[in-house]
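1. Sequence and predicted structure below; questions after.
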Amino acid sequence: MTDAAPDMDMLVRGLIHLLDVVPGEPAGHFAGVRKPGGVGRVFGGQVIGQALMAATKTVPDERLVHSLHCYFLRPGSEDHGIDYEVIADMEGRSFSNRRVVARQQEKVIYSMTASFHRDEPGPAHALAMPDVPPPEDLLNIRDLMRLHPLPAGPAMRRMASQPGPLDFRPVGAIQQGASLDNLEPDSLCWMRIGRGALGVSQAFQRAALAYMSDLLLLATAYRPHGLQIGGPEVISASIDHSLWFHGDVECGEWLLYAMDSPFGGGGRGFSRGNFFAQDGRLIASVAQEGLMRLKEG
């Protein structure tokens, strides 16, 4: 683990570049760039974010995504770019619906349906944000791993040791160095990209949140079993992922990700999450089912 301070602005620009897509051939296709230095399997949040950006580029600017539902069909490889085909299934007076199919080497690896809506007035209510310490009073994962001998799995160790644009500040007993094993299937974590406003459109902010939404969620389903995502005993992967946007978001400011896992069994785990802005607004809700397979032998 290096103590050198990363160039955060450069890391944030790199993530923004990664999530953007460019028009491809034929019309209706978009090309997703590869992660610089990426090795192995493509992170699911990257595919969600790129697919959402591809769909977004085909709808009117005043219509923002309010929901998406996707399936991870095959693992993507960091060795190749990804082609995103966008199909316009519906164009209504206030809603647009898009279907996206992602391919690598002519094989479908991912599919998504997204709905876009022109904001309009209506009855409003929202879940209250949990009462938690502010992020400024908490240590980030990097410092926690330095100070405490936490039994963390490979995924958390990578987040702590490798420079990246995201800042994670877990809430709860982990702040005092408590064990991560045999816990309740729920967790809370403050998250942000960089250290302030990203300076990008709301459409892009929502793609960035889609990227963030695939982090930590399946790990919550492992908590009551004393297992770590990416650990030597398990095989893990996202199967499906749904995301609902409730309002505008700024991913450069602190967001609280409140997660729980109501069920695990049959080789799968189901997790849910809510994103709250620091002022208490409910920003988005997430649901995901993931593979939780025990390795034989």
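-> That came in fine, so what should we check first?
2. all contacts plus neighbour counts: C-alpha atoms, from now on.
-> Noted.
3. Report the contact partners of R192.
-> Counting by CA atoms under 8 Å, 6 or more residues apart in numbering, R192 makes contact with L166, D167, F168, C251, G252, E253, W254, L255.
4. now, which of those residues sits nearest A27?
-> Nearest to A27 among the contacts of R192 is C251, at 30.9 Å by CA to CA.
5. I figured the closest one hits F204, correct?
-> No. Taking contacts as CA atoms under 8 Å, C251 lies outside contact range of F204: 9.8 Å.
6. Break down the stretch 51-200 of the chain into its strands, ranges please.
-> 63-72, 82-91, 95-104, 107-118, 166-171, 186-193 (DSSP state E, counting those that start in this stretch).
7. Serialize the contacts of R192 to JSON lines and add fields for distance to S236 and pLDDT.
-> Below are the contacts of R192 laid out as JSON lines (distance: CA to CA, whole Å; pLDDT from 0 to 100):
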{"residue": "L166", "distance to S236": "22", "pLDDT": "93"}
{"residue": "D167", "distance to S236": "23", "pLDDT": "93"}
{"residue": "F168", "distance to S236": "21", "pLDDT": "92"}
{"residue": "C251", "distance to S236": "27", "pLDDT": "98"}
{"residue": "G252", "distance to S236": "29", "pLDDT": "97"}
{"residue": "E253", "distance to S236": "30", "pLDDT": "98"}
{"residue": "W254", "distance to S236": "28", "pLDDT": "98"}
{"residue": "L255", "distance to S236": "26", "pLDDT": "98"}
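8. would TSV of those residues with distance to A31 and neighbour count be doable?
-> Shown next, in TSV, are the contacts of R192 (distance: CA to CA, whole Å; neighbours: other CA atoms under 10 Å):
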residue	distance to A31	neighbour count
L166	24	18
D167	28	20
F168	30	21
C251	24	26
G252	25	21
E253	29	17
W254	30	25
L255	29	27
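9. returning to what we had before: the strands of the stretch 51-200 of the chain: which one's closest to H241?
-> H241 lies closest to strand 63-72 among the strands of the stretch 51-200 of the chain, at 5.4 Å (CA to CA).
10. Sheet partners, orientation included, of the closest one?
-> strand 107-118 (antiparallel), strand 234-245 (antiparallel) (DSSP bridges).
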